[in-house]
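K.L.:
3D model of this:
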Amino acid sequence: MGSTASRQPAVVLDGFSYLECPRWRDGRLWVSDFYTEKVVAIDERGGSEVVADVPGQPSGLGFLPDGRLLVVSMRDHRVLVRDEDGKLTEHADLSGVVSGVLNDMVVDGRGRAWVGNFGFDLMGGAPLRYTTLTRVDPDGGVAVAAEDLGFPNGMVILGDVLVVAETFAGRLTAFDIGAGGELSGRRVWARFGETPGTQDVGEAVAALEVAPDGICADAEGAIWVADAVHNRVLRVEEGGRILEEVDAGTGVFACMLGGGDGRTLFLCAAPSFAEHERRPVREAQLLAVRVEVPHAGLP
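P.N.:
All right, here's what the predicted structure looks like:
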């Protein structure tokens, strides 16, 4: 296994509550800050701009073919769209098909979005429960796209393949995307040890060899995986072999390749993920480290 561990990630910007769902677009990194309820766009020099205020708590981000931003509003089960003037309106209401808090999202080249959800009250200490993935069509229609996923989290699209990180199952799962957005051919893209056989979140976390959270893809078809419980990001190839590892020195919950040449790996870092620990303080950071292989795929 190669390593870029000797390259210490540098702090781009700090003072956030809990960053998630980073996306590189138009020379800036767009990222959600959960507990300040803001979407922020950050340039490589650390300049930042608040581009959206989302009272329902922002999470997954993506862009429609016309360039408009889609934002997951977690707590009211909606996907919002931001117009060119910065105004947010409802794009889709998922409350009829999803009961849990919404999570990450990926948007394809046709404007279809796939949205995950927690499936259970993670922050309230409920038992772990598997859940669904929802497809949002460009007209705002919603449909269940897949079931029985162990906390569907970060996602990438490589060609016509959707890869979903199942955090509490310890694996990346792939689907083929059909012409109408239907998913088929479900298979394990990468497995990290045994899937925990418990509904107790604490026991599951302790048993996970890797807890895949946010993910992004590169030009060699490998996927960078933020390991939510081991303070690191891993570069993984299909089949599960780990090619590289970067020690973040702190918790890292999402990652995105960007920068002018696509070779800057941005990391969303914080000391932990528990809401009661993160909400009252501003200890989250955006980190960055240089890597060899540039970004590819979506997001």
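K.L.:
how many neighbours does the nearest residue to Ser272 once chain neighbours are set aside have?
P.N.:
Leaving aside its chain neighbours, Ser272 sits nearest to Gly251 (5.8 Å; criterion: C-beta to C-beta, 6 or more residues apart in numbering). (Each C-beta comes from the backbone N, C-alpha and C, glycine too.) If you count neighbours by other C-beta atoms under 10 Å, Gly251 ends up with 23.
K.L.:
for Gly251, what are its contacts?
P.N.:
Neighbouring residues of Gly251 by C-beta atoms under 8 Å, 6 or more residues apart in numbering: 228, 231, 269-273.
K.L.:
reformat those as a markdown table; add distance to Ala222, neighbour count and secondary structure.
P.N.:
Output for the contacts of Gly251, formatted as a markdown table (distance: C-beta to C-beta, whole Å; neighbours: other C-beta atoms under 10 Å; DSSP: H, G, I helix; E, B strand; the rest coil):
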| residue | distance to Ala222 | neighbour count | secondary structure |
| --- | --- | --- | --- |
| Ala228 | 19 | 26 | coil |
| Asn231 | 20 | 15 | coil |
| Ala269 | 21 | 27 | strand |
| Ala270 | 25 | 22 | strand |
| Pro271 | 28 | 15 | coil |
| Ser272 | 28 | 15 | coil |
| Phe273 | 25 | 19 | coil |
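K.L.:
what is the least confident helix or strand in this structure?
P.N.:
Ranking every helix and strand in the chain by mean pLDDT, DSSP states H and E puts helix 275-278 at the bottom, with a mean of 77.
K.L.:
which other helices and strands does that one contact?
P.N.:
Helices and strands touching helix 275-278, by 3 or more C-beta pairs under 8 Å, 6 or more residues apart in numbering; DSSP states H and E: there are none.
K.L.:
so which elements touch the helix or strand following it?
P.N.:
Proceeding N to C from helix 275-278, the next assigned helix or strand is strand 284-290, under DSSP states H and E. In terms of contacts (3+ C-beta pairs under 8 Å, 6+ apart), strand 284-290 is packed against strand 10-16, strand 19-25, strand 28-33, strand 264-270.
K.L.:
how far does strand 284-290 sit from its chain's centre?
P.N.:
With C-alpha atoms, centre = their mean, to the nearest Å as the basis, strand 284-290 stands 15 Å off its chain's centre.
K.L.:
could I get the buried residue list for it?
P.N.:
For strand 284-290, the neighbour count (16 or more other C-beta atoms under 10 Å) marks 284-289 as buried.
K.L.:
how about stretch 159-168?
P.N.:
Of all the residues in stretch 159-168, those buried under the rule 16+ other C-beta under 10 Å are 161-168.
K.L.:
quick check: the residue nearest to Ser272 vs Ala207, distance?
P.N.:
Counting by C-beta to C-beta, to the nearest Å, the gap between Gly251 and Ala207 amounts to 18 Å.
K.L.:
shaky segments in the stretch 1-150 of the chain?
P.N.:
Applying pLDDT under 70 to the stretch 1-150 of the chain picks out residues 1-6, 120-124, 126.
K.L.:
residue contacts, Val71?
P.N.:
The contact partners of Val71, taken as C-beta under 8 Å, 6+ apart, are 32, 39, 52, 54, 58-61, 79-82, 88.
K.L.:
redo that, cut-off 10 Å
P.N.:
By C-beta atoms under 10 Å, 6 or more residues apart in numbering, the contact set of Val71 is 21, 30, 32, 39, 51-52, 54, 56, 58-62, 78-82, 88, 91, 105.
K.L.:
same check, this time on Gly60
P.N.:
Contacts for Gly60 were tallied using C-beta under 10 Å, 6+ apart; they are 20-21, 23, 32, 70-74, 79, 102-107, 113-116, 153-155, 214, 299.
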